[in-house]
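Undergrad: let's see this in three dimensions:
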Amino acid sequence: MKKLILTLLIAVVALVNVQSLKADDFSDAIVKSKKKLKEAADKNDGKALLKVRGDFERILQLKKNEWLVNYYLAVCDFWMTYTLMDMTDPTKTDNKQIQKYTESALDLLNKSTDSKEDFAEAWGLKLGVQSNRWMYEPGKMNDIIAKMSEATDMCKKYDPENPRYLLIEAINTYYTPEAFGGGVDKALPMLEKSYKSFETYKPMDETYPNWGKETAAGMIALCYSKQDKKDEAKKWYDKALEINPDSGFIKNYIKSEMEKK
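TA: Below you'll find the predicted structure:
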């Protein structure tokens, strides 16, 4: 009897150790892949994004927190769309490929929120991904607006101070024409609110999203530049680079837009 009890105890301990190992493997894999995802995004490197996307696909096989892994796969797809955009000449933008990655991202985000409805990060990203549809589905305005409104409502319900949701909402406002309720002046206080949230917001753990702070600072710099407030613009531009010196978005896009002004 004692031998049987001892055998059962050993089996239980072994099972717990295996589960802990899987958990540690999962966390380590997510953290490492997050780092590679940031590096690929900083360089706006499509090939690198596809490679790290493959890493997240393999993590998905661990069958742990699949809602979180699907979110990161969607981030890869969303950032892939930016590698396909030509900011200087929109006619050169590959809308078919943008549609492909946008639809993939939305499918993954739906899987994420179906598994964990209160995961506000996924709803916030949906808001950004849905905005891509304007480029290739301008005739589906009502559906796009309805889906964006749903994403906004869910973010407000589950995590209204989430800095990435606030950032995406502000960026959408920045690029919306003033005649339709957008523009620089309306976006600036929203971006400042986002940045303030980044200053205090704490992710649940190291596997959760933490991107976007330098983007908020860079967009604030761009807003001040558009308002001819050069000193404020430079201050925020420098702050953005201090947060992330490797950000191609800041060093290339934001800088070139400010120089145009």
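Undergrad: what's stretch 254-261 in contact with?
TA: G218, M219, A221, L222, S225, K226, D228, A233, Y237, A240 (C-beta atoms under 8 Å, 6 or more residues apart in numbering). Just so you know, the C-beta spots here come from the backbone N, C-alpha and C atoms, and that holds for glycine as well.
Undergrad: please repeat the previous calculation with a cut-off of 6 Å.
TA: G218, L222, S225 (C-beta atoms under 6 Å, 6 or more residues apart in numbering).
Undergrad: equivalent analysis for stretch 96-113, please.
TA: Contacts for stretch 96-113 (C-beta under 6 Å, 6+ apart): 67, 70-71, 73-74, 77-78, 80-81, 84, 122, 125-126, 129, 132, 136.
Undergrad: and which of the residues you listed is nearest to V31?
TA: When the contacts of stretch 96-113 are compared for distance to V31 (C-beta to C-beta), Y71 wins out at 14.7 Å.
Undergrad: hmm, the closest one is touching G124, no?
TA: No: the criterion here is C-beta atoms under 6 Å, and Y71 misses it with G124 at 10.0 Å.
Undergrad: between those two, who's got more neighbours?
TA: G124 (27 against 24; other C-beta atoms under 10 Å).
Undergrad: the residue nearest to the more buried one when sequence neighbours are not counted sits in which helix or strand?
TA: In this structure, G124 finds its nearest non-sequential neighbour in Y165, 3.3 Å apart by C-beta to C-beta, 6 or more residues apart in numbering. In this assignment (DSSP states H and E), Y165 forms part of helix 163-175.
Undergrad: list the buried residues of the helix or strand just after that helix.
TA: Counting by DSSP H and E, the next helix or strand C-terminal to helix 163-175 is helix 184-200. Going by neighbour count (16 or more other C-beta atoms under 10 Å), the buried part of helix 184-200 is V184, A187, L188, M190, L191, E192, K193, S194, Y195, S197, F198.
Undergrad: can you redo these as CSV with pLDDT?
TA: Compiled in CSV, the buried residues of helix 184-200 are given as follows (pLDDT from 0 to 100):
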residue, pLDDT
V184, 97
A187, 98
L188, 98
M190, 98
L191, 98
E192, 98
K193, 98
S194, 98
Y195, 98
S197, 98
F198, 98
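Undergrad: let's have the residues you listed in a markdown table, adding distance to N210.
TA: Listed next are the buried residues of helix 184-200 as a markdown table, based on distance: C-beta to C-beta, whole Å:
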| residue | distance to N210 |
| --- | --- |
| V184 | 27 |
| A187 | 23 |
| L188 | 24 |
| M190 | 20 |
| L191 | 18 |
| E192 | 20 |
| K193 | 18 |
| S194 | 14 |
| Y195 | 14 |
| S197 | 13 |
| F198 | 9 |
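Undergrad: check the contacts of stretch 96-113 against A151 and report the nearest one.
TA: K126 (4.2 Å).
Undergrad: so of the contacts of stretch 96-113, which ones are in strands?
TA: Among the contacts of stretch 96-113, DSSP state E puts none in strands.
Undergrad: return the member of these nearest to D159.
TA: A122 (10.6 Å).
Undergrad: circling back to that earlier point, quick one: the residue nearest to G124 and C155 touch, right?
TA: Yes: here Y165 lies in contact with C155, judged by C-beta under 6 Å, at a distance of 4.2 Å.
Undergrad: pull up the overlap in contacts between those two.
TA: With C-beta under 6 Å, 6+ apart, Y165 and C155 have common neighbours G124.
Undergrad: the more surrounded of those two?
TA: Y165 (28 against 25).
Undergrad: could you check how far the residue nearest to G124 is from F198?
TA: 12 Å (C-beta to C-beta, to the nearest Å).
Undergrad: now do K126
TA: 20 Å.
Undergrad: what does Y253 give?
TA: 19 Å.
Undergrad: got it, and M258?
TA: Taking C-beta to C-beta, one finds M258 at 21 Å from F198.
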